[in-house]
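J.: predicted model follows, preceded by the sequence.
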Amino acid sequence: MEAERRPAQAPASHLAHLTLPAIPAGRGQTMLALQFQFDRSQWLDRASILDHQFEQLRVLVDHARAQAPFYRDHMRRAQIFSLGGLTPASFARWPLLSRRDVLAAGAALLARTMPSAHGGIIWNATTGSTGQPVRVANSALGALFQDALVMRSHFWYGLDLSLKFAAIRSGTDEAAGADWGPALRGTFETGPSVLLGLSEDLGAQFEWLCRESPAYLLSRGHTLHALIHESRARGARPEGIKALLSFADRPPDDLRMLAREVWGAPVFDTYSAGEFGVLALQCPDHEHLHAQSEHVLLEILREDGSACAPGEIGRVVVTDLHNFAMPLIRYVIGDYAEVGEPCQCGRGLPVIRRIAGRSSHMAVDVNGRRFWPLLNPFMWASTPITQRQFVQLTRTHIEVRFVAPRDLTSAEEADIRAGLISTFRHPFEFSFVRVDEIARAPGAKFEEFISRVDGPA
Ligand SMILES: [Zn+2]
């Protein structure tokens, strides 16, 4: 059963006169060594996974307090008096690290020296959906783990590496590749890949996709969503799509349904952040996500700092266990997520049921209480609306901005309004505005719900 998920291809052999079993070159060997361990560690129980994480965390903290001035006092502040005393219970007292702290700390967060085996420093800038960009230093080792997690995702989803891979994303000018890129290079020989910019217009993206007809398509959730709508509107579809891979945005709730219905393809989602890269991958067997605990310690916390129980939504707080260049320990990433029950698949990796969004995406009721709106994806199927965004303007008024080929009839408006009142479970007043497109800042994540109401975040 598990074996069916392995790629059909054997690794690429680096040795002359040897094809099988293959022996790749150095980096390929490291990647396979990591996959072998991931294969085992994913099945450990939660307690064992946590034990492994804390072993690595003690090494990181020891390095951080000695090398990064920012952390000099953190152990004392958390009332942890020896590395052995660093446990899940005492770590709960470790101060949280905000984006503002990172900006204020500047060079004090950087390690003066780094273990030489971790390789050189790589800088990443994050745009983030709010506020000033944060620049994060990481090591070549951190980048290696990122690639290893990408490889893991391909294994999990059973991708056939010999087929064509397409991506619509920003951040590179490489237009086409002989292979699937650096994550697999040197370990597997893959089919070709093609790349298109995220800023191309939708029609051009769709035509490109039909021309290329890749087996796999990677893009932001909302771009995939728009492409499927375009496909349905044109009555045409790209041939041969086997799976869609979404990243960056929280995918629209009806993306999976649409992808199955219109293209007959499943969607596999990745939760990532510029500061860390991959944080969680969709379970191969379910729609929820598994935190990538071999690389990050991901906590979901209540406002009082205690851990959320399954079914609760809290702040996502991340520790990168392998960034020795600029240690990020208990970094508040700005997203909110819902904790899930342990997964039926048997993997011990913690479950994130869904990413809820950021605090500015919480709705506010008439009494000023904030809550996460649950947006019913099924209510749109019988309407001409292809894309929508809710903007809460006051405590009682929500504007529904929508894209559609025509205006809504008053009967449709009344139907949608009734549906929204029952979905939101609050008697908001809804107004409707048809727009040509739903604009967002370049690089910013698309959000289905935005609140413009001031109040406690
Ligand atoms: Zn699972």
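T.: The structure has been received and is ready for your questions.

J.: tell me which element residue 56 is part of?
T.: Per DSSP states H and E, residue 56 falls inside helix 46-67.

J.: show me what that helix packs onto, helices and strands only.
T.: Packed against helix 46-67, as judged by 3 or more C-beta pairs under 8 Å, 6 or more residues apart in numbering; DSSP states H and E, are the following elements: helix 74-77, helix 88-91. All C-beta spots, glycine's among them, are computed from the backbone N, C-alpha and C.

J.: so what touches it?
T.: With contacts defined as C-beta atoms under 8 Å, 6 or more residues apart in numbering, helix 46-67 is touched by 41, 44, 71-72, 74-75, 83-84, 86-88, 91, 111-115, 293-294, 297, 319, 321-322, 324, 327, 329, 342, 348-350.

J.: residue 25: neighbouring residues, count only.
T.: Here the number of neighbours of residue 25 (other C-beta atoms under 10 Å) works out to 13.

J.: please disregard the earlier target; I meant residue 66.
T.: Using other C-beta under 10 Å, residue 66 is surrounded by 12 other residues.

J.: and what of residue 342?
T.: Per other C-beta under 10 Å, the neighbour tally for residue 342 reads 14.

J.: skipping its backbone neighbours, what lies nearest it in space?
T.: residue 351 (6.5 Å; C-beta to C-beta, 6 or more residues apart in numbering).

J.: my guess is that neighbour contacts residue 344, does it?
T.: No - with contacts counted by C-beta atoms under 8 Å, residue 351 stays clear of residue 344, the gap being 9.8 Å.

J.: so which of the two has more stuff around it?
T.: Neighbours per residue, other C-beta under 10 Å: of residue 351 and residue 344, the larger number sits with residue 351, 22 against 10.

J.: so where's the stretch 351-457 of the chain shaky on pLDDT?
T.: For the stretch 351-457 of the chain, applying pLDDT under 70 flags the ranges 360, 440-446, 454-457.

J.: one more time with 50
T.: Within the stretch 351-457 of the chain, the stretches with pLDDT under 50 are 456-457.

J.: which residues of it fall in helices?
T.: Applying DSSP state H, counting those that start in this stretch to the stretch 351-457 of the chain gives helices spanning 410-424.

J.: how about the stretch 201-350 of the chain?
T.: Along the stretch 201-350 of the chain, the stretches classed as helices by DSSP H, counting those that start in this stretch are 202-212, 221-234, 255-258.

J.: if we can go back for a sec, mind putting the helices and strands packed on helix 46-67 into JSON lines with mean neighbour count?
T.: Converted to JSON lines, these look like this (neighbours: other C-beta atoms under 10 Å):
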{"stretch": "helix 74-77", "mean neighbour count": "15"}
{"stretch": "helix 88-91", "mean neighbour count": "14"}
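
J.: which ones are touching the residue nearest to residue 342?
T.: Each residue near residue 351 by C-beta under 8 Å, 6+ apart is listed here: 283, 288, 289, 290, 291, 310, 339, 340, 341, 342, 343.

J.: who's residue 167 bridged to?
T.: Applying DSSP bridges to residue 167 yields these beta-bridge partners: residue 195, residue 218.

J.: so it versus residue 139, what's the distance?
T.: Distance, residue 167 to residue 139, using C-beta to C-beta, to the nearest Å: 25 Å.

J.: what about residue 187, how many residues nearby?
T.: By other C-beta under 10 Å, the residues close to residue 187 number 25.

J.: residue 427 now?
T.: Neighbourhood size, residue 427 [other C-beta under 10 Å]: 10.

J.: just the closest residue of the stretch 351-457 of the chain to the ion, please.
T.: Ranked by C-beta to the ion, the top residue of the stretch 351-457 of the chain for proximity to the ion is residue 351, at 6.8 Å.

J.: which strand residues bridge that residue?
T.: residue 290.

J.: just the ones of the contacts of helix 46-67 in strands?
T.: Using DSSP state E, 297, 319 are the members of the contacts of helix 46-67 that sit in strands.

J.: may I see the ChimeraX selection of the buried members of the contacts of helix 46-67?
T.: The ChimeraX selection below is limited to those of the contacts of helix 46-67 classed as buried (16 or more other C-beta atoms under 10 Å):
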select :41,44,71,74,75,86,91,111,114,293,294,297,319,321,322,324,327,329,348,349,350
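
J.: and the closest residue to residue 246 other than its chain neighbours, what does it touch?
T.: Nearest residue to residue 246, sequence neighbours excluded (C-beta to C-beta, 6+ apart): residue 221, at 4.1 Å. Contact analysis of residue 221 by C-beta under 8 Å, 6+ apart lists 246, 247, 248, 249, 250, 251, 252, 255, 269, 446.

J.: again with residue 273
T.: 126, 279, 318, 333, 335.

J.: quick one: contacts for the first one?
T.: This means residue 126. Residues in contact with residue 126 (C-beta under 8 Å, 6+ apart) are 133, 134, 135, 136, 273, 274, 275.

J.: pull the number of nearby residues for the residue nearest to it when sequence neighbours are not counted.
T.: Spatial nearest neighbour of residue 126, excluding adjacent residues (C-beta to C-beta, 6+ apart): residue 274 at 2.9 Å. Residue 274: 17 surrounding residues under other C-beta under 10 Å.

J.: just checking, residue 148 touches residue 35?
T.: Yes - assessed by C-beta under 8 Å, residue 148 is found in contact with residue 35 at 7.0 Å.

J.: residue numbers of the stretch 301-450 of the chain in contact with the ion?
T.: Residues of the stretch 301-450 of the chain lying near the ion by C-beta under 5 Å from the ion: 343, 345, 347.

J.: show me which positions of stretch 412-429 end up buried.
T.: Buried residues in stretch 412-429, counting neighbours by 16+ other C-beta under 10 Å, are found at 412, 413, 416, 417, 419, 420, 424, 426, 428.
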